[in-house]
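*Asks:* 3D model of this:
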Amino acid sequence: MKLSSNGLPVPFTPDLFGPLRPSADLLSPRDPAALRARLRADGYLYLPGLLDRAEVLRLRGRYFALFPPGLLADGSDPEEGVFSGQVPAGVPEYGVAGHPAYGFVRSAPFDRFVSDPVLATLASQLLDSEVRMLPRRILRHFHRGARLASRAHVDFDYMDQGSPSLVTFWIPVGDCPPRTGALVYLEGSHRLPPEEYAPLRDVTDRPGDRRQICHDLELTARTLGRRWLWADFAAGDVMVHVPHIIHASLDTTTDAMRLSVDARFVRSGDTPDPRWLRPWSADDGA
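*Replies:* Okay, here's the model as predicted:
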């Protein structure tokens, strides 16, 4: 399997990659204490099949149907999200006002999807508290050739003006194996002190943004002596992770486009980062 991130190859070898541990066995019957313990231990929960696959694919179809003709391959269905190889003329830059993603995160179908009680109930059990979802809910849409993969980072560096007691839900909206641009998690990295990976911030393709750790995933793994954990994500799967685990995404190199949702929950009584209290826009600086 040939993988890359931001155009840099990442060898798919046993010293650099390992499997994510599934935790769906802790859901039936639901064991909140065991889920919290697993989240503390691993820094993530990989929950295959948590959501209804058909509902996830319906959301995928609704989104890709918003684009003018030309984005999708001839004869394909919007739910498949197959890239034609060209973005139609006149489509604004990704995620800004006028782009379909900008309007979609403000739409009723999107709000219904992220408001699924399954997500809020799980977040409440993991944080052992009443919770609220932060209004800044992100829709990621990558296609082959875009080279817009997420660099290695920890979430809290992007939301450090509020409570650290939060969880992120990453939801692939469609099947998302590694070559489609899946997330990968650096094994046990939530236990690393920030000063241990601070020198990696000097190896960057974005010198103006010190929040990212590094765009070179092979270098990151070898420097820290840890593997990137991966899975063949399918529509209906959900990843939950803590705010201090290092993660990144791979380049999308398949015809199928990557679509995913980031939703974050905080305890109801905590003060969240104020930048996350308004709807997402790709140019909002947060």
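
*Asks:* Tell me who's in contact with R278.
*Replies:* 135-136, 284 (C-beta atoms under 8 Å, 6 or more residues apart in numbering). Heads up, the C-betas are built off the backbone N, CA and C, glycines and all.

*Asks:* Most neighbours among the residues you listed, which one is it?
*Replies:* R136 (21 neighbours; other C-beta atoms under 10 Å).

*Asks:* so that residue sits right up against R275, yeah?
*Replies:* Yes - look at R136 against R275 with C-beta atoms under 8 Å: they come within range, at 7.2 Å.

*Asks:* what residues are shared contacts of those two?
*Replies:* 284, 286.

*Asks:* circling back to that earlier point, how about the contacts of R278 in JSON lines, adding distance to G61?
*Replies:* Shown next, in JSON lines, are these (distance: C-beta to C-beta, whole Å):
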{"residue": "P135", "distance to G61": "25"}
{"residue": "R136", "distance to G61": "24"}
{"residue": "D284", "distance to G61": "27"}
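
*Asks:* Make sure Q161 is indeed in a helix.
*Replies:* No - the assignment for Q161 (DSSP: H, G, I helix; E, B strand; the rest coil) gives coil, which keeps it out of a helix.

*Asks:* From G285, how far off is it?
*Replies:* Shown here: Q161 relative to G285, a distance of 13 Å by C-beta to C-beta, to the nearest Å.

*Asks:* of those two, who's got more company?
*Replies:* Neighbours per residue (other C-beta under 10 Å) separate Q161 from G285, with Q161 holding more: 12 against 6.

*Asks:* how about the helices in this protein?
*Replies:* 32-42, 53-64, 100-104, 108-114, 117-127, 194-197, 217-224 (DSSP state H).

*Asks:* Take the ones you listed and write them to CSV, including mean neighbour count, distance to N6 and mean pLDDT.
*Replies:* Formatted as CSV, the helices of the chain follow (neighbours: other C-beta atoms under 10 Å; distance: least, C-beta to C-beta, whole Å; pLDDT from 0 to 100):
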stretch, mean neighbour count, distance to N6, mean pLDDT
helix 32-42, 15, 26, 98
helix 53-64, 19, 24, 98
helix 100-104, 19, 20, 98
helix 108-114, 14, 27, 98
helix 117-127, 18, 30, 98
helix 194-197, 12, 17, 97
helix 217-224, 20, 8, 98
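
*Asks:* Double-check M239 against Y46; I have them as touching.
*Replies:* Yes - with contact defined as C-beta under 8 Å, M239 counts as touching Y46 (5.9 Å).

*Asks:* So, low pLDDT: which residues of the stretch 151-286 of the chain?
*Replies:* Within the stretch 151-286 of the chain, no stretch has pLDDT under 70.

*Asks:* re earlier: quick check: which of the helices of the chain is nearest to L16?
*Replies:* helix 217-224 (5.2 Å; C-beta to C-beta).

*Asks:* G7 against R147, yeah?
*Replies:* Yes - in this structure, G7 is within contact of R147 by C-beta under 8 Å, at 5.2 Å.

*Asks:* So in the protein, which strand runs the longest?
*Replies:* strand 258-267 (DSSP state E).

*Asks:* Find the centremost residue of this protein, please.
*Replies:* W170 (4.4 Å; C-alpha atoms, centre = their mean).

*Asks:* Quickly list what that one is bridged to.
*Replies:* Beta-bridge pairing for W170 (DSSP bridges): M239, D262.

*Asks:* count of residues packed around the closest residue to R140 other than its chain neighbours?
*Replies:* Distances taken as C-beta to C-beta, 6 or more residues apart in numbering put S260 closest to R140, at 4.7 Å, once the chain neighbours are dropped. Counted with other C-beta under 10 Å, the neighbours of S260 add up to 22.

*Asks:* so how far is R137 from S260?
*Replies:* 11 Å.

*Asks:* quick one: contacts for S23?
*Replies:* Applying C-beta under 8 Å, 6+ apart, the residues contacting S23 are 35, 38, 45-47.

*Asks:* What is the most widely separated pair among the residues you listed?
*Replies:* L35 and Y46, at 11.8 Å, using C-beta to C-beta across the contacts of S23.

*Asks:* can you give me the end-to-end distance of stretch 39-49?
*Replies:* End-to-end distance for stretch 39-49: 18 Å, by C-alpha to C-alpha, to the nearest Å.
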